[in-house]
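Colleague: Just to be clear, the model below is a prediction. Sequence and coordinates:
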Amino acid sequence: MTERAIDLNSDLGEGYGAWRMADDDAMLGIVSSANIACGAHAGDPVVMADTLALALACGVAPGAHIGYPDRQGFGRRSMQLDLRELELLALTQLGALSALAAAAGVRLTHANFHGALGNLSFVDRDVARVLIGAVRSFDPDLGFVGLPHTAAADEAERQGLRLVRSFLADRAYNPDGTLVSRQKPGAVIHDEGAVAARIAQALTEGTVQAIDGSLVAMPVDSILIHSDTAGAVELAQVIRRTVEEAGFAVAPFATPRPR
């Protein structure tokens, strides 16, 4: 990335058949990187291909958004899978989206983990090792978009993957830098002013206030914008404006490489 540039990433392509989770078209006009669902927690071949094509047309860097195969629970419910199953699950999803990217003449730029699978990778060292290892074995040039202060981030650095440190401005943090469970009050922050203030603090001071009032170090390369919440497009516009007003350009951390 260029100096004083911040990436905006969003989880997109989370539809199936005629059903769509979010306004992907509008979001792709705001963000700079797209985490595209790979057919497990959401997505199908048509949705994946269409989202990929639109991302490329908008100059948005495409990546794989890897989740549990749980459409009914949108990948936000835990599943009892062993480490080999998790490894192959990740490789299969990377392969599916990468095949569509190859047909479009490009390579993916990054990968990250969705929902309950992502939360598990943040705290379970063995799961983090296996999932990051799957990404690295598939393509060691992929970036990993993930939360700092987590097992997955540590593994990405240990295994030599590029770590893109992602800040979730609309989520509350625990004092250890992990996310507050969505099951707890205050886990999701809906007030646009509060979200903007948290972004400004993270970008200018490198910290975020945890749910107990303490300050947590928060290095930021990218800001995640959830596309599936009410008012997501409006919030995305506020986030982009806040980043630019803080003196940062919005730009992807990587550009798609030719196949």
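Modeller: Thanks, I have the structure now. Please read all numbers here as calculations on a predicted model, not as lab measurements. Numbering: from 1, shown residues only.
Colleague: all contacts plus neighbour counts: C-alpha atoms, from now on.
Modeller: Noted.
Colleague: Mind listing residues that contact stretch 16-30?
Modeller: The contact list for stretch 16-30, computed with CA atoms under 8 Å, 6 or more residues apart in numbering, reads 10, 12-15, 34, 42-44, 46-47, 51, 54-55, 58, 60, 227-228, 233, 236-237, 240.
Colleague: from the chain's centre, how far out does that stretch sit?
Modeller: Between the centre of stretch 16-30 and the centre of its chain there are 16 Å (CA atoms, centre = their mean, to the nearest Å).
Colleague: And it, what's buried?
Modeller: Tyr16, Arg20, Ala22, Asp24, Met27, Leu28, Gly29, Ile30 (16 or more other CA atoms under 10 Å).
Colleague: For the stretch 1-150 of the chain, just list every one of the strands.
Modeller: Assigned by DSSP state E, counting those that start in this stretch, the stretch 1-150 of the chain shows strands spanning 5-12, 33-37, 61-66, 110-113, 143-146.
Colleague: can I get the ones you listed in a markdown table with mean neighbour count?
Modeller: Compiled in a markdown table, the strands of the stretch 1-150 of the chain are given as follows (neighbours: other CA atoms under 10 Å):
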| stretch | mean neighbour count |
| --- | --- |
| strand 5-12 | 26 |
| strand 33-37 | 28 |
| strand 61-66 | 30 |
| strand 110-113 | 26 |
| strand 143-146 | 26 |
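Colleague: Make TSV from those strands and add mean pLDDT and distance to Ala134 to it.
Modeller: Rendered in TSV, the data for the strands of the stretch 1-150 of the chain read as follows (pLDDT from 0 to 100; distance: least, CA to CA, whole Å):
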stretch	mean pLDDT	distance to Ala134
strand 5-12	97	20
strand 33-37	98	17
strand 61-66	98	11
strand 110-113	98	11
strand 143-146	98	12
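Colleague: buried subset of the contacts of stretch 16-30?
Modeller: Among those, those buried by neighbour count (16+ other CA under 10 Å) are 10, 12-15, 34, 42-44, 47, 51, 54-55, 60, 227-228, 233, 236-237, 240.
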